[in-house]
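What would the 3D arrangement of this be:
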Amino acid sequence: MSEAVRYDYGTSLCSVQESSKLIVEECDPTTIKDELRAANFIRKGSKFVKKRPRLRSRPNGSNSDPTGLQVLTVRVVDDKLHVEPSDVVGIVRLVPGMSVQVEPKIDWNHVIEMLLTVYDIERTQSYYGVPLDELVSSGVESTRIIAILAINYVHGLRTVRRNGFIRDLNIRRRNGFQGIGSVDVEQTLMNHATGNPAPSWVETEVEYSNPVNSAIHMAGKLLLRLLQQDREGRRHPRQDVLLSMVHQEVERMEELEIQSSQKHIGTYRRLSLHDLPRQRHYYRRAFHTAQSLLSSTLLGQAGGGPQELLVDYALSMNTLFQDYSHRLLNKEIESVRKIDYLDQLSGVNCKPEYPIYPFEGNSDARHEPDHLLTNSGDTLAVLDSKYYQEGKNPANDSDSRSRMFAYAYLTDCDRMAFLCPQYRHVRLPVQDTDAEIEVISPEDEFTCEEYRDLIREYILSTLAGSYPELLAFDAATTGHLCLSGTSESDLSQVYDTGGPFSISNAATFADRVISAIVFSSYGPNKPELDDQGRWTKSRIKDACQKSDEEGHPRYPQHETTCVPVYSPDGDAEHGTVTLYFIRSTEDGDIVRTEGPWALM
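Sure thing, here's the model as predicted:
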């Protein structure tokens, strides 16, 4: 843990990085414990802990910690408070009049991007709310917190719309020859008997305007005002997207004639989850987010007492990073599936926290790796997300390593990976086996873009172990397939030795490669090349006719095809050419590369 940061008692907002230590000095030892209890800390032995409810359900529908998320741990040492946040970010109430702002280990922009990525697939990121009480008065830049609230507001409302808004059904009756609904036959016959021929209608009116829906609507209008503010130009880069999403959800509520009024703000604030019917548990995210907004000073009214405590929440980075990693894994599987011209990857999936039962008939003992990459029931790789501090290698952690080996043994898999935000990319072969643990992490400062590229590289290399032609397909997609008379759709015939990628005539094949480049929009013209590209053409021809150490053809024409790829970004002035030879043998398919050669 890094060196502790120190603040004096009474500082309204203290800043500390997650998993670091904060020391608050010059406290009153006679009252500080009572103040901690007033801020909802619970004593456990020699420590005081603060927890917040979990809003994220596990994939199997259970919750591993029904007691909630521990966000702060405090020890009282003489006249000092030793405060340790867990892997959470946000602003958490410490004692009345003091809050702790917990900063992420990675840049806030990447935290928001993670939230947006996770949100886009309708998965539940672990948002536990954010306190907003002192942001305006203390001058803390709040757009990052508002962005988290907006994301969760929209996510919560979409869940509500999927499951149904709380509504009241009002039954009305009326007589007339025009109406909607159903006809009350008994009453209509009685009307006839009394000389009134008009049928009696039973009309059902659905009314969605109730205190709970109105409170959420009011919070949405507040969010719109907050997102429209451009305080000194400090808008979040995705603020326009968030504004559009919130506006759309508020409009959809108004289409159901849900309205709200600031005159009833006291009623909205007094609502609690206990006011919801038990079967409306899916309202939790939208309701918590709405209450966080309505109980904050951002509404222009200072909160007090229970209202201040209501908005005291934090965002779990550990869970967010796990959910974000899982989202990326699935996105990159879909990305690789798009270049699968042989349609072989339909059975490939990445399962979240998939339960593994080591003992037959015993469902109480189980393992749950964070991510399991499978193909039609076979495990291709086991991956575990580890949101560790900078420089920590998860493979050196005995517990993490033992669990990973257990996952590999139980799934009969020899590919394992730890996903980390702040280590480096390394491969660790396991002695006396073919197994390997890979640590997937950006080399330098964490960025979502670099992390996404590493995830894609891992997915591609793992799938290429079973389907090696994917390496050629990926190269042809990221570069340029350079063979005259062919397009990417022809890659479905890549194993046809008499088809478009045949090398039966090496000289003709080399001519087709150079012709495709010089007559394309991406390559140089033929006069720009030295000797019209004959040097490169000769290299291609020689590669197709290459022999092994025993004098046998390295690429036999009757069982080998070739996918040539041109890269304009190569080191050479006019780009480079790389050949991907795909050979079918009795032992399986093999892909070998020749080149890259400069186009000269």
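
What is the helix or strand hosting Thr379 packed up against?
Thr379 belongs to strand 378-385 when assigned by DSSP states H and E. Other helices and strands packing on strand 378-385, by 3 or more Cβ pairs under 8 Å, 6 or more residues apart in numbering; DSSP states H and E, are helix 317-338, strand 371-375, helix 398-411, strand 415-419, helix 448-464. Just so you know, the C-beta spots here come from the backbone N, C-alpha and C atoms, and that holds for glycine as well.

Contacts for the helix or strand just after the fourth one, please.
Stepping forward along the backbone from strand 415-419, the first helix or strand reached (DSSP H and E) is strand 426-429. The set of residues external to strand 426-429 that reach it, using Cβ atoms under 8 Å, 6 or more residues apart in numbering, is Asn393, Ala395, Ala435, Glu436, Ile437, Glu438, Val439.

ranking the helices and strands packed on strand 378-385 by burial, who's on top?
The highest mean neighbour count among the helices and strands packed on strand 378-385, using mean count of other Cβ atoms under 10 Å, belongs to strand 415-419: a mean of 24.

export that one as PDB, just CAs?
Once non-C-alpha atoms are left out, strand 415-419 reads as follows in PDB (Å, rounded to 0.1, in the frame of the first residue of the first chain):
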ATOM      1  CA  ARG A 415      -4.700 -22.200 -21.600                       C
ATOM      2  CA  MET A 416      -5.200 -19.800 -18.700                       C
ATOM      3  CA  ALA A 417      -5.100 -16.000 -18.400                       C
ATOM      4  CA  PHE A 418      -5.200 -13.300 -15.800                       C
ATOM      5  CA  LEU A 419      -6.800 -10.000 -16.900                       C
END
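
May I ask you to confirm that Met98 is in contact with Cys27?
No - in this structure Met98 lies outside contact range of Cys27 using Cβ atoms under 8 Å: 10.0 Å.

circling back to that earlier point, make TSV out of the helices and strands packed on strand 378-385 and add mean pLDDT and distance to His247.
Compiled in TSV, the helices and strands packed on strand 378-385 are given as follows (pLDDT from 0 to 100; distance: least, Cβ to Cβ, whole Å):
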stretch	mean pLDDT	distance to His247
helix 317-338	91	25
strand 371-375	93	35
helix 398-411	90	44
strand 415-419	93	35
helix 448-464	94	26
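
now those in a markdown table, with distance to Val111?
Below are those laid out as a markdown table (distance: least, Cβ to Cβ, whole Å):
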| stretch | distance to Val111 |
| --- | --- |
| helix 317-338 | 7 |
| strand 371-375 | 20 |
| helix 398-411 | 23 |
| strand 415-419 | 16 |
| helix 448-464 | 10 |
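
To Phe501, which of these lies closest?
helix 448-464 (18.1 Å; Cβ to Cβ).

That closest one to helix 317-338, inter-axis angle?
50 degrees (axes from the mean of the first three to the mean of the last three Cα atoms, to 10 degrees).

so helix 448-464 versus strand 371-375, what angle?
40 degrees.

Check which helices and strands helix 448-464 sits against.
helix 108-120, helix 317-338, strand 378-385, strand 415-419, strand 436-440, helix 469-478.

in this structure, what secondary structure element scores lowest on mean pLDDT?
In the chain, the helix or strand scored least confidently by mean pLDDT, DSSP states H and E is helix 306-310, which has a mean of 33.

follow-up on the earlier one: for Met98 and Cys27, list the residues in contact with both.
The contact sets of Met98 and Cys27 overlap at Tyr9 (Cβ under 8 Å, 6+ apart).

how much space is there between Ser441 and Leu320?
Here Ser441 is placed at a distance of 16 Å from Leu320 (Cβ to Cβ, to the nearest Å).

correction: Leu454
18 Å.

Please identify the pairing partners of the strand holding Thr379 and their relative orientation?
If you go by DSSP bridges, strand 378-385 pairs up with strand 371-375 (antiparallel), strand 415-419 (parallel).

I'd like these as CSV, with distance to Ser19 appended.
Output for the strands paired with strand 378-385, formatted as CSV (distance: least, Cβ to Cβ, whole Å):
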stretch, distance to Ser19
strand 371-375, 23
strand 415-419, 18
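
Ser515 is nearest to which of those strands?
For Ser515, the closest of those is strand 371-375, at 38.9 Å, according to Cβ to Cβ.

ok so, going back, outside of the strand holding Thr379, which residues touch it?
Everything outside strand 378-385 that qualifies as a contact, by Cβ under 8 Å, 6+ apart, is 321-322, 325-326, 329, 348, 369-374, 394, 400, 403-404, 407-408, 411-413, 415-419, 458, 462-463, 465-466.

quick one: that strand to strand 436-440, angle?
Using the same axes, to 10 degrees: strand 378-385 against strand 436-440 is 40 degrees.

Could you tell me the angle between strand 378-385 and helix 398-411?
Orientation of strand 378-385 against helix 398-411 (the same axes, to 10 degrees) gives an angle of 170 degrees.

got the CA coordinates for strand 378-385 in CSV?
Output of strand 378-385 as CSV, limited to C-alpha atoms (Å, rounded to 0.1, in the frame of the first residue of the first chain):
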residue,chain,number,x,y,z
ASP,A,378,-15.1,-27.9,-24.7
THR,A,379,-13.2,-25.4,-22.7
LEU,A,380,-10.6,-23.4,-24.7
ALA,A,381,-9.4,-21.0,-22.0
VAL,A,382,-10.0,-20.1,-18.4
LEU,A,383,-9.7,-16.3,-17.6
ASP,A,384,-9.8,-14.5,-14.3
SER,A,385,-10.1,-10.8,-13.8
